[in-house]
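*Asks:* okay, here's the prediction I keep looking at, along with the sequence it came from:
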Amino acid sequence: MSFFKKFFSKEKEEDLNKGLEKTKDSFFSQISKAVAGKSKVDIDFLDELEQILISSDVGLETTVKIIDRLEQKVSQDKYLNTDELNTILKNVVVDILAENKMPDLEDFEIPFGTKPYIILVVGVNGVGKTTSIGKLAYQYHQKGLKVVLGAGDTFRAAAVDQLKIWSQRSQSDFYSKGMNTDPAAVAYETVQYAMNNDHHVAIIDTAGRLHTKKQLMDELSKIKKSIDKKSPGAPHEVLLVLDATTGQNAIEQAKHFTEATDVTGIILTKLDGSAKGGVVLGISDQFRIPIRYIGVGEGMEQLQVFNRQAFVDSLFK
C-alpha cells in the first residue's frame, strides 16, 4: 500500500499535489534542471543548488545544512546517476524535516480524555488566521466533535464579525463579549462556556496586531494565565498562523512569536498561492516546532494535516 493510499483520500492527495504546483514548477523544476546530466556533485552544481534553495525561501542556515549533508551522502553513497542524486536530495530533505521530534498527526484529532481541548491561535493580521480557525473547526465538526470559537481579537472592527461568520460556516458555536473588551476575559469565559456546554474543543482567537515584543509577551501571557486559571494546564495547543506567500517574512514572524509565547504548532496557509514552499523547510529546521496544518486551497476541506513524508513525496513527484 502506498503512503498516500494509507493516509490520504484520493481527493486529499490531489489537493496536496495541486496546492504545491507553483513550488514544484519553480523550486523543483530548477533543481531537476541542475541535476540533469550530472555525473558528479561539483562546485558549479552546489553553487546553483544554493541559489535555488535561497530563492525558494528555504533560508541561509537550512540551505547550508542541506548542501553539507548532500556532499556527505554523495561521498558515502557513491553517486552514480541523476535519479540517484535526486533520491539522495529527497532523503536529505526528509531527514531535516524528521529532526523535528514531534510526530506527525495522522488526522484532525485531540488527545483522548482532554475535554474541552483548548487551542489558542496567534499570528499577525492578513495571514489567514480567522479563515484557518474556521477551517480547523470545520474539520473537527466533520469528526463529530462539538466546537466553540472564542472571539478574543476584540480590537479590530471586523474580527468579531468575521469569526462569527466562520462559526456558522463550520457549524460551531460562538462566544463573544463584543468589541474593545478584555481578551483575557473573553478567553476565560470561552473556556467556561465550553465546560458548561459539553464542548470537545474551544478555539480562541487573539489580536493580530504587530506589537513590540514586550507588549506581545504581556498580552499573550495574560490570556494564557486566564485560560490556565479556568482549566489548569491549558491552553493545550498554541498555534501560530503563517502565510507561505510571505517567504522570509513568515520566518521573521515565527521568531517574533516564539520569543513571546510557547508556540506548540504552526498552521502554514496559502501554499497553493506560493512558489515559496521551501519556507516549510526553513521554519521546521530553525524553530523545531511542528507544522501541524497546511492550507492548499480556499475550500473548507483544504486545510490538511501536515505530513512530512507526504509533503516531500508530492514535491518530488
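*Replies:* Structure's in. What do you need? Remember, it's a predicted structure, so these values are computed and weren't measured experimentally.
*Asks:* contacting residues around residue 122?
*Replies:* The contact partners of residue 122, by C-beta atoms under 8 Å, 6 or more residues apart in numbering, come to 129, 206, 220, 238-241, 257, 261, 263. C-betas here are computed from N, CA, C, even on glycine.
*Asks:* residue 45: which of those is nearest?
*Replies:* Nearest to residue 45 among the contacts of residue 122: residue 240, at 35.4 Å, using C-beta to C-beta.
*Asks:* pLDDT wise, what is that closest one at?
*Replies:* Note on residue 240: pLDDT of 96.
*Asks:* next, give phi and psi for it.
*Replies:* Backbone dihedrals for residue 240, given as degrees, to the nearest 10, come out at phi -100, psi 130.
*Asks:* so it is in contact with residue 254, correct?
*Replies:* Yes. Residue 240 lies in contact with residue 254 (C-beta atoms under 8 Å); the separation is 6.5 Å.
*Asks:* between those two, which one's more packed in?
*Replies:* Per other C-beta atoms under 10 Å, whichever of residue 240 and residue 254 has more neighbours is residue 240, with 29 against 21.
*Asks:* which residues does that one contact?
*Replies:* By C-beta under 8 Å, 6+ apart, the neighbours of residue 240 are 122-123, 253-254, 257-258, 263, 265-267, 289.
*Asks:* picking that back up, which neighbours do residue 240 and residue 254 have in common?
*Replies:* 263, 266, 289.
*Asks:* what is the nearest of those residues to residue 105?
*Replies:* When the shared contacts of residue 240 and residue 254 are compared for distance to residue 105 (C-beta to C-beta), residue 266 wins out at 12.4 Å.
*Asks:* my guess is that closest one contacts residue 292. True?
*Replies:* Yes. Counting by C-beta under 8 Å, residue 292 is a contact partner of residue 266 at 6.3 Å.
*Asks:* name the residues contacting each of the two.
*Replies:* residue 239.
*Asks:* so those two - more neighbours on which side?
*Replies:* Legend: neighbour count by other C-beta under 10 Å for residue 266 and residue 292, higher for residue 266 (26 against 22).
*Asks:* which stretch of helix or strand covers that one?
*Replies:* Secondary structure from DSSP states H and E places residue 266 in strand 265-269.
*Asks:* between the helix or strand following that strand and strand 265-269, how many degrees?
*Replies:* Note on strand 265-269: by DSSP H and E, the next helix or strand toward the C-terminus is helix 279-287. Relative orientation of helix 279-287 versus strand 265-269 (axes from the mean of the first three to the mean of the last three C-alpha atoms, to 10 degrees): 160 degrees.
*Asks:* dump helix 279-287 to PDB, restricted to CA.
*Replies:* This file holds the C-alpha atoms of helix 279-287, laid out as PDB (Å, rounded to 0.1, in the frame of the first residue of the first chain):
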ATOM      1  CA  VAL A 279       9.800  28.000   3.600                       C
ATOM      2  CA  VAL A 280       8.400  24.800   5.200                       C
ATOM      3  CA  LEU A 281      12.000  23.500   5.400                       C
ATOM      4  CA  GLY A 282      13.400  26.700   6.900                       C
ATOM      5  CA  ILE A 283      10.600  27.000   9.600                       C
ATOM      6  CA  SER A 284      10.800  23.400  10.600                       C
ATOM      7  CA  ASP A 285      14.600  23.400  10.700                       C
ATOM      8  CA  GLN A 286      15.100  26.700  12.500                       C
ATOM      9  CA  PHE A 287      12.300  26.600  15.100                       C
END
